[in-house]
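*Asks:* build me a structure from this.
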Amino acid sequence: MKTSIDRIRAKIADLEARISDLRIAERELEALDTTPAPRGKLKAMAKRKPKTDDAAIAPQTVGAAITDVLSRNGALPLAELAEQIRTAGREVSGGTLSNTLQTMKKRGMVKNGGGKWMLPKTRARRARA
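*Replies:* Just a heads-up that it's a prediction; the model follows:
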């Protein structure tokens, strides 16, 4: 009958054998990975717009743009919200904006009342004495 230590040693030997097999597979994959990149990716890279000084700034997510506009302007209807975001320089479709607002609503980040989207009010914590 095997003791616990014998079973542990057997497991370790099994794991070491598996690691050895994985290292062999890794070396084989590395040898195969030296093939050149497909041409499709090169064309996609060539089609990208050249970077400008504005591109150095990280692009703002749609959710962040919504939060920014609502914090500056208060409650807005969807059409006006979309206009404000586009005025700020972010191109966004109505569908994307609507889907993002619904997701943000589910997470409690915005709310809709009277056909206007707004940020929820933050509750101030009472100071403990």
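
*Asks:* which residues in the chain form helices?
*Replies:* Using DSSP state H, the helices assigned to the chain run over residues 4-32, 39-47, 62-73, 78-87, 94-106.

*Asks:* can you redo the ones you listed as JSON lines with mean neighbour count and mean pLDDT?
*Replies:* For the C-beta atoms, the positions are set from N, CA and C on the backbone; glycine is no exception. JSON lines is the format used below for the helices of the chain (neighbours: other CB atoms under 10 Å; pLDDT from 0 to 100):
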{"stretch": "helix 4-32", "mean neighbour count": "10", "mean pLDDT": "89"}
{"stretch": "helix 39-47", "mean neighbour count": "9", "mean pLDDT": "57"}
{"stretch": "helix 62-73", "mean neighbour count": "16", "mean pLDDT": "88"}
{"stretch": "helix 78-87", "mean neighbour count": "16", "mean pLDDT": "88"}
{"stretch": "helix 94-106", "mean neighbour count": "14", "mean pLDDT": "88"}
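
*Asks:* for Lys116, find the nearest of those.
*Replies:* For these, proximity to Lys116 was assessed by CB to CB; helix 78-87 is nearest, at 8.6 Å.

*Asks:* can you give me the domain boundaries for this protein?
*Replies:* Per the record, the chain has its domains at 1-31, 61-118, by automatic domain parsing.

*Asks:* how far does the longest one sit from its chain's centre?
*Replies:* When you say that, I think you mean domain 61-118. Average the C-alpha atoms of domain 61-118, do the same for its chain, and the two points are 18 Å apart (CA atoms, centre = their mean, to the nearest Å).
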